[in-house]
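**Q** Any chance you can model this:
(3 chains)
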Amino acid sequence: MKPFFLWMLLFFLLLFPPLTISAETPISDATSECLDCHASLHPGIVAEWKKSRHAQVTPGAAASVQGLSRKVSSESVPDALKTTSVGCAECHGLRSDAHKDSFEHNGHTIHVVVSPQDCRTCHSVEAEQYSKNLMSHAYANLAENALYQKLELSILGQPTFIKDRIRHERPDAVTREEACYYCHGTRLSLEGTEKRTTDLAGELEFPIIRGWPNQGVGRINLDGSKGACSACHTRHLFSIATARKPYTCKECHVGPDVPAFKVYEASKHGSLFSSHGSSWEFTNVPWTIGKDFTAPTCAACHVSLLVNQDGTVVSERSHQMSDRLPWRLFGLIYAHPHPKGPDTTSIRNKEGLPLPTDLNGEFASAHLIDEKERLHRTETMQAACLNCHDRSWVNGFWNRLENTVSKTNSDTRVATQLMEKIWGTGLADGKENPFDEAIEKKWSDTWLFYANTIRFASAMGGGGDYAVFADGRYMMAKSLAELADWWAFRRHPILVAPQK
Amino acid sequence: MKPFFLWMLLFFLLLFPPLTISAETPISDATSECLDCHASLHPGIVAEWKKSRHAQVTPGAAASVQGLSRKVSSESVPDALKTTSVGCAECHGLRSDAHKDSFEHNGHTIHVVVSPQDCRTCHSVEAEQYSKNLMSHAYANLAENALYQKLELSILGQPTFIKDRIRHERPDAVTREEACYYCHGTRLSLEGTEKRTTDLAGELEFPIIRGWPNQGVGRINLDGSKGACSACHTRHLFSIATARKPYTCKECHVGPDVPAFKVYEASKHGSLFSSHGSSWEFTNVPWTIGKDFTAPTCAACHVSLLVNQDGTVVSERSHQMSDRLPWRLFGLIYAHPHPKGPDTTSIRNKEGLPLPTDLNGEFASAHLIDEKERLHRTETMQAACLNCHDRSWVNGFWNRLENTVSKTNSDTRVATQLMEKIWGTGLADGKENPFDEAIEKKWSDTWLFYANTIRFASAMGGGGDYAVFADGRYMMAKSLAELADWWAFRRHPILVAPQK
Amino acid sequence: MKPFFLWMLLFFLLLFPPLTISAETPISDATSECLDCHASLHPGIVAEWKKSRHAQVTPGAAASVQGLSRKVSSESVPDALKTTSVGCAECHGLRSDAHKDSFEHNGHTIHVVVSPQDCRTCHSVEAEQYSKNLMSHAYANLAENALYQKLELSILGQPTFIKDRIRHERPDAVTREEACYYCHGTRLSLEGTEKRTTDLAGELEFPIIRGWPNQGVGRINLDGSKGACSACHTRHLFSIATARKPYTCKECHVGPDVPAFKVYEASKHGSLFSSHGSSWEFTNVPWTIGKDFTAPTCAACHVSLLVNQDGTVVSERSHQMSDRLPWRLFGLIYAHPHPKGPDTTSIRNKEGLPLPTDLNGEFASAHLIDEKERLHRTETMQAACLNCHDRSWVNGFWNRLENTVSKTNSDTRVATQLMEKIWGTGLADGKENPFDEAIEKKWSDTWLFYANTIRFASAMGGGGDYAVFADGRYMMAKSLAELADWWAFRRHPILVAPQK
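**A** Residues are numbered from 1 along each chain as shown, chains lettered A, B, ... in the order given. All right, here's what the predicted structure looks like:
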């Protein structure tokens, strides 16, 4: 039986070749040099890279693919990159002149922080789309909005107790980097260089980068570009599967302000993903409904190129995710039609505040998409829904979402009217900072946590626990009652019996 | 080597036949017609269905199975259904006369909403059991209980601020459908018909159904039946595996009111499921302890037909889940012996309120199971436990649960006594609505969230974080202290020093 | 083709032998006797055991393994155990004289509760390390600390409403076992014996054990030893894979006090584990970075023996997890350098309280590790990080953690200064119990929940939602504002306008 066994072994190796064989894509000399040291210095990321498509397919081969399965969206790729894998040197040595953190490293000029502008070399369409995505502007949209900076100050600022109140001093840079800007992205800057003694190459000089590490969606890079593709296409596997699974979105969308993941995971779609997702196919491009997966993840509705089993395109790939979003569910302070562009710093409401809505709930319409565009985006989104649900289902679902946007905005209006009464009588000071006193926090809970949670539960789940008890309508009603109770009692602390 | 390779390929195909081969169950002409259009219109659900047992086994073949692995519980199935797969037309064309939403569709009379009464055709035992399950009455048990309607009003009602208090107007129908009734089930009604232009068949007429979509457990269907099998046996895979995984239960049991999933996932059982469940077998009937799985999911304890490795039945299958439940842990407002029947609308406590307990914690015993039945149900549940745990373990565990039921009820009593003092002095108005003022919400937190969480943590986990800090005893103690603080200060706002 | 098919079947069986074949490790006569009954009585745990390494490898064979893959750390194993699998009788019959719960059972003397002192027979190094782990002292560190007992009383105590305040009577033993001591471990004691009629052997006598069941990390066992290996190496699979997956840690680290799991799951590391962990190898010893896994779980950083792909040891295995921890992030009430030893009952701060820090934040340094040791532990931890991240990344990350420890301690100081003002004016009574009044709970929220959550989010995730909105800095700021508001208003309830 021995020879038969050997035949079989050979057969098995042919059928299931070990990864190293398929990874015999040529590696550039420069990347080989990198790997000489870093394969043992950083085995984790090198192993991830070896499993990646970047290691296994040359840009030349990738660019020769035509049709929907093409992943390289640039019309052509530079000749210098065509015939070797996309390795260390290819990305970290690209566009050296543009990167402030470029430095000499064992005979090569490399930079630490690879940017979307680098990725654009092969993935130009996605880079262009992403530049129109709100996320790519997440740094300035927070850091350069005077009003949001007051909210940030009230959360991150160093507290001190002065004259019966907590006052906040400007937060330190490190706290900001770890808090809001972990997701929004930090502004990177070169602070100088330092010498370090290395195990394999003696003393070497490295750049010191303020704001590093960070993989926030709106990171300001050292070449001036915005964003971090690695936020979702995690280093160094860069797998489309990673980005298509909801765990990636969860990294920034799990808190009560944007509980998208929690809501999804408890929805019918999320339940199917949790129960059956391990048998789905997450790497195919295009992504075929019914064959590759049978319930959407975040990416299916918001980003991916979807086809039905005839190969007909159901949804175009988009890295400008607002393409399919008529409403911005995240209330500032009301849910509102999506802004026209990704830079929201110039938006002003009627009151002159840098907000897309007035405090009474009216939209700053000049800066927001109009009804026609909303309808267009609604249809774009519904095109995906209709692959599993008939029109009457989709209409019923969507009707509830529109109703919920309206009703939660109405709740926010009640809360804000109460808050304005409180400010009006001097019981709180909304001028200096409308977000920092105890009663103001109770107000911000209503629109930042509960209205958002209710809307996300509606949009991603059609209802459920997050629509009612889990940061939902119960909590909204409780906060409204507490605002009213505080207001009534503070004005007349002795006379407390409610006058029904 | 070529011929050898071909032999091998053939061999592999024989060993692992592609799904299409096994799916060569005959499809009825009517279903074929449906698929002609819907396979490309709704590829997602058609793909799910093709993977389903319904697509792969005819009712005739299924009904010929004898013994514990039989899945068709009806003694016989109609001849017309025996020899083809259970496809679109078989379910959506069944009992047309009974369904108000039946309509002509390309020469067939079909209805949109398939009901348990349809499923009963083949699964009569499960349908019958489920009709005795509290869940099947979840609509009326909430919608037709005057007291619970006040709670619903205080959560879903449209708030307005009048005379120092939040008042609630009747919630709109759409909000109700998306909130409480997402889980409880909506009452469906036919509102008329509409014409829509379709891609493949031009203008067609469709029913308009109020309350649709919905898959709540107590949905009132258009044939008058109650419930939605698809709540757990999700369309259109209808897989027993889906229902046996805890993610399905999570869809309605993750909030602080019934945090069963969260508690389970953090328990030893849940940890084993999370770590090793991917290697367990979730489709076998009966479900063999030790062979198919080594730690229970929700279904194992509450629903499934369990056998040990000798094939001896450990737990009978039941879709009347209260079969194994002596206590209703969900406090209304106290945990109490399970109601005798699934319709709780006629229950009245000593005070005449539609509640299974008095406000002081006494049980409305005439409506609840007696001690003998409680003991019987306890033994039924423990039969499952004893397959992995010896009697001393089970006794110790159960003793703690009984103690926790008693102690949390005692906590609720303290909270309620305080609330009654507050009502008694007119500081809040418990008559009009005992659930809508700020201090009343703090009271409802204690029994609706914290007492429930503590009890679920006890029953499903034997303790842990949810028993203490995560919505557990710490939060209960905090709320009690806040109730006391509010009461003391409101009566004497000037004289605040505690008199110890 | 028939004979070929049979050849193939044979071949497959050789390549993938069914488990029963590999499980043909000799079973001792005593264990065989156990299995005679218990295989059908307790199929769940017997099935788990059969899959376990304990069932498949004899201690003799395991002890003959040399080098890093050796799992038996004792220099030698007793002859009596060498040649049979580690079955029922081997563990439950070990060191009978030492166990108070040893009893005669069908001709064998066995004990119910297997202790680390039993496991030490083969795993002496791990048992020794674990005895120096804080966890092994978790019982007394809570139960014998007079101050923590006040906190426990305020949470678990039976509440009654007396003179405008909630008072707590001593909690009953059963509640304590199910609450704090579920994780900390119960103190087991023998309460007597009872006779029970068994299905297979008629009337038998069994010990009654107070505090049972329990698998808490610091359980006081009936042989006087401390801990429960089964807390993480869950019975009866005892799989290293179970302990290496984060779900095991979650059993006690998911609440707001120590939200390690929640923070991890939302981190980049956790996202990779969730998305790709199903293809990782969790049983290999040593555990090879890049080959076996590409992102750390809890165990990778805190416990496991890690090597890089050259086979070089990156991190030594340690069951004294503080080995790699310079800071104790869990605030008591401030984060502080780790205690020198695992028994913290003798620690006293400057004020004489059994706390590792003063109320103003100074460290009880005599009891805590010094800076040199902190640096050493920091380097030990960073050795793991450096396998995927370069030095500048690691430094940036660590710098933020140190900053966050400092800033959250500063927040705790502000909260505590406010609390001391409140105590000072008699508005609350910090003497009798500083943890039981409403305003004191608001204070304990700040250090027990929010400061901890922020620090865990920093250490395990580098930021994200848990650093800001999800029990993070927003909640910290809100609580501080509420403490200030309460204090200001209680002193001057009429004069409420803030004096800015």
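
**Q** hey, let's count contacts and neighbours off CA atoms from now on
**A** Noted.

**Q** Can you tell me the closest non-neighbouring residue to A:Arg170?
**A** Distances taken as CA to CA, 6 or more residues apart in numbering or on different chains place A:Gly157 nearest to A:Arg170, at 5.1 Å, with adjacent residues excluded.

**Q** ok, the one you found touching A:Glu169?
**A** Yes - if you go by CA atoms under 8 Å, A:Gly157 and A:Glu169 touch, sitting 5.2 Å apart.

**Q** The two: who's more crowded?
**A** Taking other CA atoms under 10 Å in any protein chain shown, A:Gly157 and A:Glu169 do not tie; A:Gly157 has more neighbours (20 against 13).

**Q** can you tell me which residues contact that one?
**A** A:His168, A:Glu169, A:Arg170, A:Pro171, A:Asp172 (CA atoms under 8 Å, 6 or more residues apart in numbering or on different chains).

**Q** Mind checking which of those residues are buried?
**A** A:His168, A:Pro171 (16 or more other CA atoms under 10 Å in any protein chain shown).

**Q** Tell me the one among the contacts of A:Gly157 nearest to C:Glu432.
**A** A:His168 (33.1 Å; CA to CA).

**Q** Which residue is the nearest non-sequential neighbour of A:Leu480?
**A** A:Ala415 is the one closest to A:Leu480 (CA to CA, 6+ apart), at 6.1 Å.

**Q** Can you classify that neighbour as helix, strand or coil?
**A** The local conformation at A:Ala415, judged by DSSP: H, G, I helix; E, B strand; the rest coil, is helix.

**Q** Quick check: it touching A:Trp443?
**A** Yes - at 6.3 Å, A:Ala415 counts as touching A:Trp443 under the criterion of CA under 8 Å.

**Q** what sits in contact with each of the two?
**A** A:Leu483.

**Q** In terms of packing, which of these two has more residues around it?
**A** The residue with more neighbours, out of A:Ala415 and A:Trp443, is A:Ala415; 28 against 23, by other CA under 10 Å.

**Q** Could you pull up the contacting residues of that one?
**A** A:Trp443, A:Thr446, A:Leu480, A:Leu483.

**Q** A:Ala438 now?
**A** Applying CA under 8 Å, 6+ apart, the residues near A:Ala438 are C:Lys478, C:Ser479, C:Ala481, C:Glu482, C:Asp485.

**Q** now do A:Pro296
**A** A:His269, A:Phe273.

**Q** can you tell me the helix or strand for it?
**A** According to DSSP states H and E, A:Pro296 maps onto no helix or strand at all.

**Q** how near is it to A:His276?
**A** For A:Pro296, the distance to A:His276 (CA to CA, to the nearest Å) stands at 12 Å.

**Q** got it, and A:Asp101?
**A** For A:Asp101, the distance to A:His276 - CA to CA - is 45 Å.

**Q** and if you look at A:Asp471?
**A** From A:Asp471 to A:His276 the distance is 28 Å (CA to CA).

**Q** who has more neighbours, these two?
**A** Taking neighbours as other CA under 10 Å, A:Asp471 and A:His276 compare with A:Asp471 leading, 24 against 16.

**Q** Give me the pLDDT for the more buried one.
**A** A:Asp471 is assigned 98 on the pLDDT scale.

**Q** Quick check: closest non-adjacent residue to it.
**A** A:Tyr450 (5.4 Å).

**Q** Tell me if I'm right that the one you found and A:Ala470 touch.
**A** No - when contacts are counted by CA under 8 Å, A:Tyr450 is not listed as touching A:Ala470 (9.0 Å).

**Q** higher neighbour count, the two?
**A** A:Tyr450 (30 against 22).

**Q** sec struct for the more buried one, please.
**A** helix.

**Q** list the contacts for it?
**A** A:Tyr450 neighbours (CA under 8 Å, 6+ apart): A:Pro256, A:Asp257, A:Asp471, A:Gly472, A:Arg473, A:Met475, A:Met476.

**Q** In a markdown table, list those residues along with distance to C:Ser458 and secondary structure.
**A** Shown next, in a markdown table, are the contacts of A:Tyr450 (distance: CA to CA, whole Å; DSSP: H, G, I helix; E, B strand; the rest coil):
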| residue | distance to C:Ser458 | secondary structure |
| --- | --- | --- |
| A:Pro256 | 18 | coil |
| A:Asp257 | 19 | coil |
| A:Asp471 | 24 | coil |
| A:Gly472 | 28 | coil |
| A:Arg473 | 31 | helix |
| A:Met475 | 28 | helix |
| A:Met476 | 30 | helix |
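
**Q** Widest-spaced pair of those residues?
**A** Once CA to CA is applied, the contacts of A:Tyr450 give A:Asp257 and A:Arg473 as the farthest pair, at 14.4 Å.

**Q** Have a look at those two and say which one is more surrounded.
**A** Legend: neighbour count by other CA under 10 Å for A:Asp257 and A:Arg473, higher for A:Arg473 (26 against 23).

**Q** Up against chain C, what does the stretch 51-200 of chain A have?
**A** A:154-156, A:158-161, A:163-166, A:174-175, A:178-180, A:182-183 (CA under 8 Å from any CA of the partner chain).

**Q** I'd like to know which of these are part of strands.
**A** Among these, DSSP state E puts A:Gln158, A:Pro159, A:Thr160, A:Phe161, A:Arg165, A:Ile166 in strands.

**Q** can you name the two of these that are farthest apart?
**A** Across these (CA to CA), the longest gap, 13.2 Å, separates A:Gln158 and A:Arg165.

**Q** Any part of stretch A:380-392 near chain B?
**A** Yes - residues of stretch A:380-392 contacting chain B under CA under 8 Å from any CA: A:Leu386, A:Asn387, A:Cys388, A:His389, A:Asp390, A:Ser392.

**Q** Now, of those residues, which are buried?
**A** For the residues of stretch A:380-392 next to chain B, buried by 16+ other CA under 10 Å: A:Leu386, A:Asn387, A:Cys388, A:His389, A:Ser392.

**Q** ok, and of those, which contact chain C?
**A** Of those, not one also sits near chain C (CA under 8 Å from any CA).
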